[in-house]
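In: quick check, what structure comes out for this input:
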Amino acid sequence: MDYSMLAALLSLLWACFYFLKIKSNSSKLTSINGSRLPPGPRPMPIIGNLHQLGDTPHRTLAELSNKYGPLISLRFGSITTIVVSSSLVAKELFQKHDLALANRKVPAAVRSNEHDKYSIAWLPVCPKWRNLRKISAVHSLSTQRLDASQSLRQAKVMELLEFVRGCCKAGEAVDVGKAAFTTSLNLLSNTFFSFDLASHSSSDSGEFKELVWKIMEEIGKPNLADCFPVLRFVSAVSVNCQLMGYGNKLNEVFAGIIEERLRSGASSDSSGVGDGDVLDTLLRLMKENDSELSLDDIKHLLMDFFTAGTDTTSSTLEWAMTELLRNPEKMAKAQAELEQVLGNDNVAVQESDTLKLPYLEAIVKETLRMHPPTVFLLPRKANADVDLYSYLVPKNAQVLVNLWAISRDPNTWENPNVFSPERFLDRDIDMKGQDFGLIPFGAGRRICPGLALAHRMLNLMLGTLIHAFNWKLGDGLNPEDLDMTDKFGITIQKAKPLRAIPIPK
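Out: Next up, the predicted model:
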């Protein structure tokens, strides 16, 4: 019997058992300690509400929230899923129930290469998670480390500038997302390994970008093992086996770099934060007596950084440039601010300049509001029954925070579907997880540790590109013809890459 027949038979047997179980347990779920499940659409037998998700679940769930309220419940197969779609509910979640809802609902795709056993993003809150989080904060993303690596970021952005200048002279269009991805990738690879992993003149970065996107896309897809846990043992059917190949390929890249570094013994001379690169520091920590850091920890830590730190930054920059090209008056206003601060000479933007560029900062915030790097925060799992917004979140339920819906909530934002950086000029709103209408990097214990680096890079790259050049759309497009369709994964990208032609000022 092949796997598909086995899966079908087991599914049928399980469905009969599950239907009987649901009938007997429905009263228990609807009322615990006087609370009840949030409202939501009636689920179908067996599949629940899976048929309603479609290709853009963030939009579908936002529409359902408009109908049923800011906290809704659905069933994905046998999994109870609670969806948060307003800043008010998000605030209560993070301020009152962050610990009870801090652990992850881990997709089968993440388990396929045991990434959940080592990853900061997917580990439960535990001593291992705290240790890895501390190592990342102190040795990779601390203010001290970021300040010390400022010249490196400047150098990588200058390489981006030189590449765009070459395109400008040749009258060629720039694939903005790919160029930004190459810059982000080389920044991280130099920070960790002291060398470039790609170049603007080769296809390497495009291949790496495709690999990262495939990983994000597969993790974001619902599959049978996630919706019907009883089917986990037939993961050859229920989980896309290609994902293991993508993850292993990325792991092989990092394993090769680590093995070469260990052979060279470069890490043995590094003794502090300022010595060597981050890989030197991690290997030194691993060799210390009583170290809790292993080679597997390091490889999966690198996977976390390179998947989360490249695609999200580059896609956000691409969306920012897209919105500015659609709104030329916003582009002109940002360029005027840059000229006022830096002068008319072709002076390179420095990180220190961004503090004097409030409109540029507002553009970055508005882009992250309208196009958050990930439309859902990584799924959480309730450790116990939780009373949220006067409703029950039952133990073991999956909890999704729909950033896309929160960012476009008309109760929080005036004209939420209009790109208007001006909304941030007279409001003191940051992205550090305290203003719950704008939490593109999350909040609470699981807030993204790369927030500060992403913020620095976005301001620096965007400011450099729009200060050095004027821009027009490639392929003969007009601003009103721009395709704003997105494609769904763990991250959200433009379905059609932005191609823009730089014009000398």
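In: how near is the closest residue to C167 other than its chain neighbours to I492?
Out: Computed as C-beta to C-beta, 6 or more residues apart in numbering, the closest residue to C167 that is not its neighbour in sequence is V174, at 5.1 Å. Backbone N, C-alpha and C define where each C-beta goes, glycine included. Here the criterion is C-beta to C-beta, to the nearest Å. By it, V174 lies 21 Å from I492.
In: please apply the same query to L360.
Out: With C-beta to C-beta as the criterion, L360 and I492 are 22 Å apart.
In: let me know the pLDDT of I439.
Out: On the pLDDT scale, I439 is placed at 96.
In: in three-state terms, label the closest residue to it other than its chain neighbours for me.
Out: Leaving aside its chain neighbours, I439 sits nearest to G433 (5.8 Å; criterion: C-beta to C-beta, 6+ apart). Three-state call for G433 (DSSP: H, G, I helix; E, B strand; the rest coil): coil.
In: swap in P502?
Out: strand.
In: residues contacting the residue nearest to C167?
Out: By C-beta atoms under 8 Å, 6 or more residues apart in numbering, V174 lies in contact with 163-164, 167, 474, 499-502.
In: rerun that using 10 Å as the cut-off
Out: 160, 163-164, 166-168, 180, 200, 321, 465, 469, 471, 474, 498-502 (C-beta atoms under 10 Å, 6 or more residues apart in numbering).
In: out of these, which are buried?
Out: 160, 163-164, 167-168, 180, 200, 321, 465, 469, 471, 498-502 (16 or more other C-beta atoms under 10 Å).
In: least confident pick among these?
Out: Scoring the buried ones among the contacts of V174 by pLDDT puts H200 last, at 90.
In: for L357, see how far away it is.
Out: 25 Å.
In: helices - which of the contacts of V174 land there?
Out: In helices, defined here by DSSP state H, the members of the contacts of V174 are 160, 163-164, 166-168, 180, 321, 465.
In: which of those residues lies closest to R380?
Out: Using C-beta to C-beta, A180 is the member of the ones in helices among the contacts of V174 that sits closest to R380, with 29.8 Å.
In: check contacts around the closest one.
Out: Counted by C-beta under 10 Å, 6+ apart, A180 has contacts 160, 174, 205, 209, 310-311, 313-318, 320-321, 457-458, 461-462, 465, 498.
In: again, 7 Å this time
Out: By C-beta atoms under 7 Å, 6 or more residues apart in numbering, the contact set of A180 is 313-314, 317-318, 461.
In: need the strands for the stretch 301-450 of the chain, in chain order.
Out: Listed in chain order, the strands of the stretch 301-450 of the chain (DSSP state E, counting those that start in this stretch) span 380-381, 386-388, 391-393, 398-401.
In: first-to-last residue distance for stretch 163-180?
Out: With C-alpha to C-alpha, to the nearest Å as the measure, stretch 163-180 spans 11 Å from end to end.
In: any idea how far R133 is from T485?
Out: Taking C-beta to C-beta, one finds R133 at 36 Å from T485.
In: who has more neighbours out of those two?
Out: R133 (16 against 9; other C-beta atoms under 10 Å).
In: what strand or helix carries the more buried one?
Out: helix 127-139 (DSSP states H and E).
In: that helix: how far from the chain's middle?
Out: How far helix 127-139 lies from its chain's middle: 19 Å, per C-alpha atoms, centre = their mean, to the nearest Å.
In: which other helices and strands contact that helix?
Out: helix 278-287 (3 or more C-beta pairs under 7 Å, 6 or more residues apart in numbering; DSSP states H and E).
In: buried residues in the helix it packs on?
Out: So, applying 16+ other C-beta under 10 Å, buried residues of helix 278-287: 278-286.
In: from those residues, which single one is nearest N417?
Out: V278 (40.2 Å).
In: which one is the closest one nearest to, not counting chain neighbours?
Out: That would be F192: by C-beta to C-beta, 6+ apart, it lies 4.5 Å from V278.
In: quick one: low-confidence parts of the stretch 151-300 of the chain?
Out: 204-206, 217-218, 220-222, 231-247, 266-275 (pLDDT under 70).
In: turn the ones in helices among the contacts of V174 into JSON lines, columns for distance to Q154.
Out: Listed next are the ones in helices among the contacts of V174 as JSON lines, based on distance: C-beta to C-beta, whole Å:
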{"residue": "L160", "distance to Q154": "11"}
{"residue": "F163", "distance to Q154": "15"}
{"residue": "V164", "distance to Q154": "16"}
{"residue": "G166", "distance to Q154": "19"}
{"residue": "C167", "distance to Q154": "21"}
{"residue": "C168", "distance to Q154": "20"}
{"residue": "A180", "distance to Q154": "16"}
{"residue": "M321", "distance to Q154": "20"}
{"residue": "L465", "distance to Q154": "14"}
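In: what two of these are the furthest from one another?
Out: G166 and M321, at 18.1 Å, using C-beta to C-beta across the ones in helices among the contacts of V174.
In: got the contact list for the host helix or strand of L453?
Out: Taking DSSP H and E as the definition, L453 sits inside helix 451-468. With C-beta under 7 Å, 6+ apart as the test, helix 451-468 has contacts from 141, 146, 153, 157, 160-161, 164, 180, 183-184, 187, 309, 312-313, 316-317, 320, 324, 331, 334-335, 338, 342, 346, 348-349, 351, 354, 357, 360-361, 363-364, 431-432, 441.
In: filter those residues to the buried ones?
Out: Buried members of the contacts of helix 451-468, scored by 16+ other C-beta under 10 Å, are 141, 146, 153, 157, 160-161, 164, 180, 183-184, 187, 309, 312-313, 316-317, 320, 324, 331, 334-335, 338, 342, 349, 351, 354, 357, 360-361, 363-364, 431, 441.
In: not counting sequence-adjacent ones, nearest residue to N131?
Out: Per C-beta to C-beta, 6+ apart, closest to N131 is E292, 5.4 Å.
In: do you know how far the one you found is from L378?
Out: 24 Å.
In: between those two, who's got more neighbours?
Out: Shown here are E292 and L378; by other C-beta under 10 Å, L378 has more neighbours (19 against 13).
In: hang on, isn't that one packed against S119?
Out: No: here L378 does not reach S119: they are 10.1 Å apart, not a contact under C-beta atoms under 7 Å.
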